[in-house]
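1. Would you be able to build a 3D model of this:
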Amino acid sequence: FADWGEYWLRNIKGNQIKPSTYTSYENKMRVHLHPYLGDKQLDKIAAKDISKTIEILSSNLGVSSVRLIYRLLNSCLEAAKGRGYISSNPCIDIELPSTCQKKVEAFPWDDQKKMLEISQKNQKYLPVLLALEAGLRIGEICGLKWEDIDFSTSVLHVRRTVQRVSSQAEGAKTELIEGSPKTIKGLRTIPLTQNLHQILSELAITQEVKSSYVIQTQNHTRMEPRIINYHFSQLKKSLGIQYGTFHALRHSFATRCIALGGNIAAVSAMSVSYTHLDVYKRQYINQNHSYLINERR
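-> Got it, this is the predicted structure:
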């Protein structure tokens, strides 16, 4: 299985997916599938082997991760069946763990206010402001260029994302790549708040070296996600905040928008880009209730 999986991913599936997705799939095959199925002959893999693998994975991983690994395995074996290497796909009729949405955690409003106050004054923390006031993902912030911002209409266009992935080049472990968002919904237009419009306008004028990127390093090159994550960790430490990821900032933005009366469908399209609106509602409705109660207090 390991040999076929490597060939399938590199020569068949790899031509259909983004480099970042390739890296993710390669990691899942190596870490989660090879230990249990890697040494087995393709035509010797039975449904019971798949069920046992799913059972083991379910004891250590979340439901969504297990289902993604299953889909990857199913696609791999279906391709083997299509080429005559196996007579049937043993993934068929395998029972999967039931779906259970994890609760999305947003930062309490008091902590958001502290982060907003500092990020407005220190350019190093501008990515935090872009996440809290525009709902941008960390990769989208790294890929944001001045040409994406229309100050005359006060909107920001999300057109690209930046990620660090495993490199296929000899001698290189990882590389920074830039590309379009994974889905068409990732390409979106976001209205700027008055505060964000003013800060970005001033930065566009005062920036010592005109770089095409809004967020740049001291050498005026494109910033990468892990540096932004490091700066965010520094900010949390300085404020005594011991929880929450950078990704939680955009959830905080969405929660705040809806709590203040924003239309759920509009906020979904603008910030989080869930494919299914009902998923979005499930993610935020309970948290908004708690948020409003706290605000009224």
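
2. mind saving the C-alpha coords of stretch 195-204 as CSV?
-> Taking Å, rounded to 0.1, in the frame of the first residue of the first chain, the C-alpha atoms of stretch 195-204 are listed here in CSV:
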residue,chain,number,x,y,z
ASN,A,195,-10.7,52.6,12.1
LEU,A,196,-9.0,50.1,9.8
HIS,A,197,-9.4,52.5,6.8
GLN,A,198,-7.7,55.3,8.7
ILE,A,199,-4.8,53.1,9.9
LEU,A,200,-4.1,51.5,6.5
SER,A,201,-4.4,54.9,4.8
GLU,A,202,-1.7,56.4,7.1
LEU,A,203,0.5,53.3,6.7
ALA,A,204,0.3,53.5,2.9
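
3. which residues touch it?
-> Contacts to stretch 195-204, defined as Cβ atoms under 8 Å, 6 or more residues apart in numbering, come from residues 120, 123, 126, 129-130, 133-134, 146, 149, 151, 154, 192, 214. C-betas here are computed from N, CA, C, even on glycine.

4. what about the stretch 101-250 of the chain, any weak spots by pLDDT?
-> The model of the stretch 101-250 of the chain has pLDDT under 70 over residues 101-104, 166-172, 182-183, 208-209.

5. Could I get the full set of helices for it?
-> For the stretch 101-250 of the chain, the helices defined by DSSP state H, counting those that start in this stretch cover 109-119, 126-134, 138-143, 194-206, 225-239, 247-259.

6. that older thread, out of the contacts of stretch 195-204, which is nearest to H247?
-> L130 (13.2 Å; Cβ to Cβ).

7. wait, the closest one sits on C142?
-> No. L130 is beyond contact range of C142, at 10.3 Å (criterion: Cβ atoms under 8 Å).

8. Between those two, which contacts overlap?
-> I215.

9. among the helices of the stretch 101-250 of the chain, which is nearest Q16?
-> helix 138-143 (20.7 Å).

10. Which strands or helices does that closest one pack on?
-> If you count contacts as 3 or more Cβ pairs under 8 Å, 6 or more residues apart in numbering; DSSP states H and E, helix 138-143 packs onto helix 126-134, strand 161-166, helix 225-239.

11. Could you report the distance from K44 to N195?
-> 62 Å (Cβ to Cβ, to the nearest Å).

12. sorry, back to before: CSV for the helices of the stretch 101-250 of the chain, including mean neighbour count and distance to S20?
-> Compiled in CSV, those are given as follows (neighbours: other Cβ atoms under 10 Å; distance: least, Cβ to Cβ, whole Å):
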stretch, mean neighbour count, distance to S20
helix 109-119, 16, 27
helix 126-134, 24, 19
helix 138-143, 25, 9
helix 194-206, 14, 27
helix 225-239, 16, 11
helix 247-259, 22, 16
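
13. For those helices, could you give me TSV that also reports distance to S180?
-> Shown next, in TSV, are the helices of the stretch 101-250 of the chain (distance: least, Cβ to Cβ, whole Å):
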stretch	distance to S180
helix 109-119	27
helix 126-134	18
helix 138-143	9
helix 194-206	22
helix 225-239	16
helix 247-259	19
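
14. Can you say which of these is nearest to S59?
-> helix 247-259 (25.1 Å).

15. tell me the angle of the closest one relative to helix 126-134?
-> 30 degrees (axes from the mean of the first three to the mean of the last three Cα atoms, to 10 degrees).
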